[in-house]
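Student: Any chance you could fold what I've pasted below:
(2 chains)
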Amino acid sequence: MVHSDPEFAKAWLIPALPLLGFLFNGLAGGLVTKRVAGAVATAAVFGSFALGLMLFGQLSGDPTAHINTLAPWFVVPGFNGAAPLVVNYEILIDHLSLLMILIITGVGGLIHLYSTGYMAADKGYTRFFSYLNLFIFFMLLLVMGNNMVLMFVGWEGVGLCSYLLIGFWYEKESAAAAALKAMVVNRIGDVGVLIGMFLAFWYFKTLDFHNVSGTGLLDLAANSHVAAAITATPAIGAAVTLMTLAIFWGCTGKSAQIPLYTWLPDAMEGPTPVSALIHAATMVTAGVYLVSRMHSLFELSTLTMTVICVIGMATALLAASIGLVQNDIKRVLAYSTCSQLGYMFAACGAGAFTAGMFHVTTHAFFKACLFLGSGAVIHAMEHAMHERHETAHRDESDAPAAAGGPDPDDPQDMRNMGGLKGKLPLTHATMLLSTAAIAGIPLFSGFFSKDEILYQVARHHWSLWFVGVVTAAMTAFYMMRLMYKTFYGSPKSEDAQHTHEATPSMTLPLVILGFLATFAGVLALPSIAGFPKLPNFFEKFLEPAAAPTNPGTLLAPHEPSQIVLLAISAFVALGGVAYAYYAYKAKDGRDLLIAPEEKQHATVYEWALHKWYVDELYYNITTVPGRWIADHLYRVFDLRIVDGAVNGVGWLASQAGALFRTGQTGYVRNYAFTMLIGALIVVIAVLAGFRSIF
Amino acid sequence: MLNLTDYLSIAPFLVIALTGAAVLLFDLVFPKNKNLLIGTSLLGIVGAAFLTGRLWFQYAEGFSFTVSGDRFALLFEYVLLIIAGLSVLLSDRYLQLKNINHGEYYALLLFSTSGAMLMASAKELILIFVGLEILSIALYILAGFARTEEKSEEAAIKYLLLGAFSSAFFLYGIALIYGGTGLLTGLHGQPAPTTQLDHIASIVMLHGFNAYVVAGIALLFVGLFFKAAIVPFHVWSPDVYQGAPTCVTAFMSAAVKAAAFAVLIRITETFLQIDPSEFGVTSDVARQLALAHHVITGVLWAFAAITMIVGNVVALWQTDIKRMLAYSSVAHAGYILVGVLASNDQGRSAVLFYALIYAIMNLGAFGIVMLLSDEKQERSRIDDFKGLAYKHPFTAVLMSIFMFSLAGIPPAAGFFAKLYLFSAAVQAGDPGIAVLGLLASVVGVYYYLMVVVKMWMVPEDRDITTLTWSWGSRVAVLICASATLLLFLFASPVISTFSGSDVTVSADDYSAASAAPVEPVAPPKALAVQPHVIGATAIAQR
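Tutor: I've put the predicted structure just below:
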């Protein structure tokens, strides 16, 4: 059911406020104090959040999707009476977009608040906030657009902002390179979305998600007659498969899945609030949103759904295994994000879009909290290092580290940390809660969301579930490793002893997010056969937008015993955390495989060591041959064929240009002669054309 | 006997011409105060815009139906007024810099504009010719306005000689048509030979074509192709564009093109818009009309193709940005020709839309080129843009917007302008020329983005001095840039205003017109038909 409704006429203000914030800081930011700039940006996002809450009040219990047409944008008439492409500024308010709005503006607002403290000393302060607001605007456009064109504008816009913010410290070469990498890898994915759009318009004659006449893309896909017709015609079925796979290809770029995930870890070069907002809580979940938004189309292709599920689980495992051995605190979290996104896609592929979106929600809370917490740690370390450089100029004992050891001036290297628990108590407490959530400790939010996903994939195939459980164990391990190396044991550097807790503008968002990360699970309690039915608010909320419309086309489900799965998950999570805690406690937070002379204790570290080989193996299997292939492709395909073609065209063009230029002598008589020839051609051509009537 | 309607119909360009005269006078009385002249010019332009708006609501065809007040004419008048206004604003800093800040500049600009407006609304060939000459003579002088510079002198002489040459073709075309229509009707005595487009249409409808009329049409094309810089009649444009003062080049590239295309559309529509199925057209005439359609679109097709290709390819080679923009304007003329040959409502609205957007983005680009020049030197090499973004990021952003728009890349209005032109061609059943246009514009991307690359990615190799904006140039360039973006965001309302801007060819009222031109023709219905509605009905019919 779709309604065009003036009741939601104010909804356009939600994206408009951050846009105004961007314009203010972008145009007038240089004229006001930092305080004002930060306040305007933060207020704009919280203003949108308040409007989002109002919408929530209006929409609760109303299962219809609401369309609000703001203005026409453009119309491309069809060829030979074919349907025209009509694209309007149209926003879609339903439970799915509302959920995303609340996450984007809620978590986004907290991160804005945090940034006012984190970026306080940065010279690009107003630039930073204008980019952040622009990002929020595009992200809202992405989730609120009622057609694929607006969605795509948002999609490209967040990519642009991501590029600008990863490369925010553009003087740093690595940051500029990482920004470029993110841009390029995402463009490769975006081609897929474009192809998907072309196919969608070709076959469905519209790019609207919904419209009032019920002929939007998703209206059609959800129509059982249309769905039956599509599945009955192999050619169209294949086209739908191609279309959805193309769109999913775009999602693997934006949401950092195999094979396009490589940009995300590098993206950590950006300021930490950016990592929290864009590369954990919101932008990277755009792919999950898009699949959920278009779920009725995706469901029409069993192949696509299977691919999504398998890619998701494979990414979850792969990224988690890499996360085990990273020393940079933000890189651990980056791989963790890839891994968790993999879970979300696996849920979508299994047809459990609600479960996927619930994990998007809880992940936004706990991962944003973890990133902001790591930001607080880095901030504190940076200050300590700064002070060290100020006071003890060129201390002789401050020798460079041994080969392979940590850089003593790297505030993000966990090997320089340790024992921060007492120095940063609030940061530690909130991060610990979030760690419990992401590890899946029972009763924390992540436990419920992750368990629901594991249950849903188990309904399709036990192997997927098994991979999920192994990933969960790794997650518990690497998160506890991160916590131990950062907060427990003895301080590993001078600087770690001189750290201080951050300002309230930074700790307040941490506390709120930590609270949400702990308790958000109550929104969607699992219903277990044989037990009294618990309320699942979340599923009920998203049902109108995300419940499968064509369940028959999904992989044949069967019912595993959920209580057993729950128990295994809980055991794995607790075991992983406990194992990591005691293993690292035994080594005072030093890594399990760092010093060759400690190889006699190898039995203890055998497992971790083996994982490390997997990581190496991964590198050798994919990156080296990838480079080899790329190199050869470059030599053969690019240099010979593409460049050959390009140069050939260029050569042709230049030859033609030279030919025409020779006529450009500068002499009027030559010009007049050229014109005379031209005139003769025109007259003769016209007379010749009419010769039959003379 | 002239009545109020007559005056009303020419009021806009009358006002512009009178403002030009007033500017001359003020310059004599207050020789120091150039701002007064700018203010007077702008006031006149705004006044003319008002009067044009009045005509929009109160339709008036004056002077025995020789001056049209149809929407097509009025919209072109608006475009020309926008061009004139922006040019007036853009010029003063550059004129001071070149030490040619004489009051005549503004007067000539306004005279030229009034000529262009007359061309856009005239329905009579002699009148069109008068407009063409008013436009051109003022421009010949303007091209040589930097009198101390040899380049400028050379440009003026070249433009004058070749312009005279092309005017002769045009005039000869008019003569042939007059004679030809006389021969067609002469045996019967009535109606009389004519140069009135409506009457030509009715004569053709009754008697078909003869060789003189056909040759006349061909020669009219030659004259207009010269003004619009269609290959191979474009040869003058790079030299003149480069030699003329940049502010003149800016005005010329936009205004002359718009006026020439307005006339070209009016003339082609005279022959293409007659519906052969209508009352009493003999089968022979119907066959001839079909043939005319075939030949005219065929000729336009060929010239559009060659113009798009040559313009883009030769622009690749240019090292001087004014020359590059000259060839780019040749290429754009080719694109516009695609819309003309589509010869449907969409084609016309797309041409209008394109003329507007091309004017805005091109004036903006020339505005930035002017900004780069300093007292010592005209900085118009493309290499002069090297590293601009390091010193002046905002200026570089503006220039990038114009370059992206000219290349037709979203989010700039140039994208929709091109889209609508090519989609009109597809709609008219000619996807071939649209594909050719797309391929040609791919070549264009290279040389436009080269400027962007030079600004943002190549370090500067000279000391870029501080750029001194005058308030006028600042306002004008900002208007151009924001309009370029806003017309992208709000393309649909603008294009639907333009659609339904039919050229009125009233072939059936010849007798009434020759008898007593009292009753004004019923105003053309505001055919604000949304393109998608057309599509929808087409589906319904199918």
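Student: Can you tell me the closest non-neighbouring residue to residue B:250?
Tutor: Of all residues not flanking residue B:250 in the chain, residue B:366 sits nearest, at 3.5 Å (Cβ to Cβ, 6 or more residues apart in numbering or on different chains). No exception for glycine: its C-beta is placed from N, CA and C like everyone else's.
Student: I'd say that neighbour and residue B:253 touch.
Tutor: Yes. With contact defined as Cβ atoms under 8 Å, residue B:366 reaches residue B:253; the gap is 7.3 Å.
Student: Overlap in contacts, these two.
Tutor: The overlap between the contact sets of residue B:366 and residue B:253 (Cβ atoms under 8 Å, 6 or more residues apart in numbering or on different chains) consists of residue B:325.
Student: Which pLDDT value goes with the spatially most central residue of chain B?
Tutor: Note on chain B: the residue nearest the mean C-alpha position is residue B:258, at 0.5 Å, using Cα atoms, centre = their mean. pLDDT recorded at residue B:258 is 94.
Student: That one and residue A:107, how far apart?
Tutor: Per Cβ to Cβ, to the nearest Å, residue B:258 is found 51 Å from residue A:107.
Student: and if you look at residue B:368?
Tutor: According to Cβ to Cβ, residue B:368 stands 41 Å off from residue A:107.
Student: low-confidence ranges in the stretch 351-500 of chain B?
Tutor: B:465, B:500 (pLDDT under 70).
Student: At the contact with chain A, which residues of it appear?
Tutor: By Cβ under 8 Å from any Cβ of the partner chain, the part of the stretch 351-500 of chain B that sits against chain A consists of B:416, B:419, B:423, B:426-427, B:429, B:431, B:443, B:489-493, B:495-496.
Student: In strands only, show me these.
Tutor: Among these, no member falls in strands (DSSP state E).
Student: and of those, the nearest to residue B:396?
Tutor: Looking at these and their distance to residue B:396, the nearest is residue B:489, at 22.1 Å (Cβ to Cβ).
Student: OK, contacts around residue 468?
Tutor: Looking at chain A here, since you left the chain open. A:313, A:316, A:343, A:346, A:453, A:454, A:457.
Student: switch to chain B, that's the one I care about
Tutor: residue B:93.
Student: now with 10 Å?
Tutor: B:93, B:96, B:97, B:371, B:374 (Cβ atoms under 10 Å, 6 or more residues apart in numbering or on different chains).
Student: I'd guess it is in a helix, am I close?
Tutor: No. Per DSSP: H, G, I helix; E, B strand; the rest coil, residue B:468 lies outside any helix segment and is coil.
Student: For residue 347, pull up the helix or strand it's in.
Tutor: Assuming you mean chain A. helix A:329-349 (DSSP states H and E).
Student: Let me rephrase: I mean chain B.
Tutor: Per DSSP H and E: helix B:345-372 holds residue B:347.
Student: go on, residue B:36?
Tutor: Going by DSSP H and E, residue B:36 is in helix B:34-57.
Student: buried sites along that helix?
Tutor: B:34, B:37-38, B:40-42, B:44-45, B:47-49, B:51-52, B:55-56 (16 or more other Cβ atoms under 10 Å in any protein chain shown).
Student: Nearest to residue A:98 among the residues you listed?
Tutor: Comparing these against residue A:98 with Cβ to Cβ picks out residue B:56 as the nearest, at 44.5 Å.
Student: where does residue 302 land on pLDDT?
Tutor: Using chain A. If you check residue A:302, the pLDDT there is 85.
Student: my question was about chain B
Tutor: Confidence at residue B:302, expressed as pLDDT, is 93.
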